[in-house]
Structures are given as structure tokens and as C-alpha cells.
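Colleague: 3D model of this:
(one chain, ligands or ions: 1)
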Amino acid sequence: MKIAVIGAGYVGLVSGACLADFGHEVRCIDRDLRRVEGLRAGRMPIYEPGLAELTADNVAAGRLSFEHDLAVGMKDAEVIFIAVGTPSRPEDGHADLTFVYQVTREIAQNLEGYAVIVTKSTVPVGTSDEVERLVRSLRPDVEFSVASNPEFLREGAAIGDFKIPDRIVVGGEDERAREVMAAVYRPLFLNQAPLLFTDRRTSELTKYAANAFLATKITFINEIADICEKTGANVQDVARGMGLDKRIGPKFLHAGPGFGGSCFPKDVRALIKTGQDYDVPSRIVEAVADVNERRKRRMGRRIVAACGGEIRDRIIAVLGLTFKPRTDDMRDAPSIAIIQTLRDAGGVVHAFDPAGMEHAREVMGDVTYFQDPYQAVAGADAVAIVTEWESLRALDLKKIYGLMRTPVLVDLRNIYGPEEAKAAGFTYIAVGRGDLRE
Ligand code: NAD
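Modeller: Numbers count the residues shown, from 1 in each chain. You can find the predicted model right below:
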């Protein structure tokens, strides 16, 4: 099939490369000329494991190409995916649909024959209806369908998630669109991926409900962690005890500094706004957003407290900046609020991240970045682990001890545990480990 994917970001690029790998002929279109030129020259605009190789293979096979001009890119496409960003609107937190509607207008202007226009971007309930209305008003002369097909991939594991998904959700109002979408994903039927057909509004809401639920699960265990700290319990064991219950499951029960990233915070905010707009406010989701927001700065204050409450002109090493490992994405990363808190308290921040420092520099000034964790901790009064990158899971703690001024380890991901940290001579502070109280 001929497929156009508009927006060559995390979702568009991964979807485009994977769909090409299924055997479709895919054009990825982006309005960012440098991005398109870079992709044509084999340069990846994002860090995602395996993506460079998958892209190169499919370009070489002639199934994947990159376009700047939307009219050229969508020519003859039977399916047109919209995969542009839907960030939070600064005024009210709702999803900003400017890019989606911009692209919709351009698609409408250039439609030549029947195509299925697919909203893959995460969009609030009713957006695909609006896309349909807009295209119909601009082009009453052409036949088209609009389908919703939210994306559930996780950055850092995106290719695997796209190719072996837990489920594919497609919302469509007509049989023709459903048949086309079934053909797009037919290669996945071999893996028995459940293809769930719904109406468009249900499909759109499913994405928000899923993300809000996961964000709730994280926030829930974080609150349990707080209770553990006050009561002398161990949150890791509580989580294990909970997670072995099949009704609950072990995933997303790791206490930490709070959720971040390009999806959960903005999708939670957008769902809150939808609830308010329809006069059915979601008090649970509102609480999740509020608790999580406060938590990030609290984790910063925890580091300050670990240094005796005073960090003016003292060096704090922060290891791991991205909102999770295996991505370079810094959007809404908890490290931003944590570092801001440290800076507000007068601390000097030295930082290291395996992939996120380039983007971190764009959002955080007044931080000195280092090319390796051992350089970052040199002369520090405390080291805080904020993201659980693999390369930060087996640090030589004895070596770090030798490099630091004061041996304080604040492990916001509970990687090391008290025995290992104390054996290396550290004062050890973790999350939800009330059992470590002296
Ligand atoms: P992104 O910012 O990485 O990429 C968006 C791309 O769209 C950019 O390259 C931008 O230049 C391009 N673009 C914007 N306007 C354009 C236009 N008019 N014409 C052509 N290109 C245009 O965003 P992303 O992380 O890939 O997210 C895209 C959507 O997918 C969002 O709605 C997001 O919520 C959703 N989503 C993201 C993830 C994720 O893990 N990142 C997962 C699931 C769903």
C-alpha cells in the first residue's frame, strides 16, 4: 500500500519505518527541512534504539523516503497518517491542535482521490470528527474517510511496541476505512495482535484513558512510598506483594521522582480539560496531576535535606536527565523541576546523561554537563540518580566515593540498595524505604 505519514518525530518516524518494514511504500513528510535533509542523508533526528538501522534498511529497499513538500509526499497515498505534535496549550493545559488542523487543511487542498486520513497523534475526543468536517467543508468534491488510530508505543522500546503491539485500536465510522486500516496492519495478524475496531470517539478516549490510568498507577505507588517512609515499610516489597496479584500486575509500580515525558503529563492535563468541558470533572486524574507536580520539586528538596538542608555553592551531581532511559526526550522530565529546586537553593549542578544532554542544554541553563558520570561527581557534595539508565545501574560506587567531597547518594530510582551503598561508604537515601530509618 502507499502510505504517507505526516510528522517525522518519535511517532511518525517509528511508524513510517515499521510500516515500510511490513512491505508498504511509505513517505514520511515533515515541515522541518533540516530534519528531512538529515533523514535523506541517513541522520536520525531522535535517539531511538534500532531506528537508524531500520530506517536505512527500508530506504535501501526503496520502501521508505522523506519529503518536505506535503503535496508531493501525499500524492497517490491510500492512507495518510497525521502524526504531528499535540502539546499542552500553555493557557489551559488542553491539547493544542494547531498542527493537526494545519495539516488537515493542507491534506484537504491536495486530496486527489479516495484516501483514509488517520489521526495517529493523541487528540481529544471529537477531533477526528472535526478533521472530517474541515476536509468536507474544504473539499466537498472528493471522497475520503477519517479514522482514529492512536499510538501506544513507548519511547526507548518503540520499534518492538509498534511491531508486536498489545493491541491496535482503530476508530472509524465506515466499513471502507476499516477495510483499509485492516490492510495496513495485516502483517501483524501473524503475531495475533488484537485489532480493536471502535467508533472514533471511543478510540480517541481509549488513548487518554490508558495513559491516565498508567499515570495514576505510578502516582499511587509514589504515595504508598511516602506512607512507607513514615511507617517504616519498604515500598519495593509492597509493590512486589501487590504486583504478584494478577489483577494488579507488576508494571508501573516503581516508586520514583514522579512521571514525566512527552505524553503522560500533557495527556493527563488534556483529559482533565475534557472532563471539565463536558461537566464531568475527573477528580482522580486531577489529583494525579497535582500530586505528581508537587512530587518533582519535593524530590529536589529531598536532595537538599540529604545535604543537611544547605546546598548554597555546593556541588550536586545529577545522573540521568531524560524522563526515562533509552530516549533523548527531555519533555517534562522530572529532572527539570528537581534541578530547578537545587538551583533555587543555591546549589551548583553538575549533570550527566547518556543521551539527553543536548536537549537538556536547550531547557536548562546554569548546569555544567559532563561526558561521563565519574567526571560529573568529582568534588560533589551529593550525587542524585534521577533516571535508571542501564549504564548508571552498575556504577563503581567505591570509585565515586573517592571522587566526591561528601559521600551522599540520593537514589531516586532505588537502584542500589542500602547494603551496596553503605559498603562503599555512602550515606544512602532512597524512595519509600522507611525500613532504612535509623
Ligand atoms: P514530535 O514533536 O517528536 O514530532 C512531531 C513532528 O511533526 C515534528 O518533526 C514536526 O516538525 C512535525 N510537524 C509539525 N507540524 C507539521 C506540519 N504542519 N507538517 C509537517 N510536519 C509537521 O512528536 P511525537 O512525540 O512524535 O508525537 C506526535 C504525536 O503522537 C503526539 O500527539 C503525541 O502525543 C503522540 N504520541 C507520542 C508518543 C511518544 O512516545 N512520543 C507515543 C504515543 C503517542
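Colleague: In the stretch 251-400 of the chain, what residue comes closest to the ligand?
Modeller: S262 (4.6 Å; Cβ to the nearest ligand atom). Just so you know, the C-beta spots here come from the backbone N, C-alpha and C atoms, and that holds for glycine as well.
Colleague: which residues touch that residue?
Modeller: Contacts for S262 (Cβ atoms under 8 Å, 6 or more residues apart in numbering) come out as Y10, E155, F323, D329, R331, D332.
Colleague: ok, so what distance separates it from T98?
Modeller: From S262 across to T98, the span is 17 Å (Cβ to Cβ, to the nearest Å).
Colleague: same question, K266
Modeller: Distance from K266 to T98, by Cβ to Cβ: 14 Å.
Colleague: okay, the two: which has more neighbours?
Modeller: Taking neighbours as other Cβ atoms under 10 Å, K266 and T98 compare with K266 leading, 23 against 13.
Colleague: Report the spatially nearest residue to the more buried one, omitting neighbours in sequence.
Modeller: S88 (4.4 Å; Cβ to Cβ, 6 or more residues apart in numbering).
Colleague: residues near the one you found, how many?
Modeller: Counted with other Cβ under 10 Å, S88 comes out at 18.
Colleague: Test of understanding: give the bridge partners of it.
Modeller: A95 (DSSP bridges).
Colleague: Show me where the stretch 301-438 of the chain has its helices.
Modeller: Using DSSP state H, counting those that start in this stretch, the helices of the stretch 301-438 of the chain run over 334-344, 357-363, 373-377, 397-403, 418-423.
Colleague: Save these as CSV, and put in mean pLDDT too.
Modeller: Output for those, formatted as CSV (pLDDT from 0 to 100):
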stretch, mean pLDDT
helix 334-344, 98
helix 357-363, 96
helix 373-377, 98
helix 397-403, 98
helix 418-423, 96
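Colleague: and those helices as CSV, adding distance to the ligand and mean neighbour count?
Modeller: Formatted as CSV, the helices of the stretch 301-438 of the chain follow (distance: least, Cβ to the nearest ligand atom, whole Å; neighbours: other Cβ atoms under 10 Å):
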stretch, distance to the ligand, mean neighbour count
helix 334-344, 16, 22
helix 357-363, 11, 16
helix 373-377, 26, 21
helix 397-403, 32, 16
helix 418-423, 32, 15
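Colleague: Output those in CSV; the columns should cover distance to D245.
Modeller: Formatted as CSV, the helices of the stretch 301-438 of the chain follow (distance: least, Cβ to Cβ, whole Å):
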stretch, distance to D245
helix 334-344, 28
helix 357-363, 38
helix 373-377, 37
helix 397-403, 34
helix 418-423, 27
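Colleague: Compare the ones you listed and give me the one nearest S128.
Modeller: Taking Cβ to Cβ, helix 357-363 is the member of the helices of the stretch 301-438 of the chain nearest to S128, at 30.6 Å.
Colleague: Let's see that closest one as CSV, backbone CA atoms only.
Modeller: Extracted in CSV, the C-alpha atoms of helix 357-363 (Å, rounded to 0.1, in the frame of the first residue of the first chain):
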residue,chain,number,x,y,z
MET,A,357,22.3,16.3,27.3
GLU,A,358,21.9,18.0,24.0
HIS,A,359,18.2,18.6,24.6
ALA,A,360,18.8,19.3,28.3
ARG,A,361,21.0,22.2,27.4
GLU,A,362,18.1,23.7,25.5
VAL,A,363,15.8,23.6,28.6
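Colleague: Show me which residues of the stretch 201-350 of the chain sit near the ligand.
Modeller: S262, C263 (Cβ under 6 Å from any ligand atom).
Colleague: The residue nearest to R176 when sequence neighbours are not counted bridge partners, please.
Modeller: Using Cβ to Cβ, 6+ apart and skipping the chain neighbours, the partner closest in space to R176 is S145 (5.9 Å). Beta-bridge pairing of S145 under DSSP bridges involves V116.
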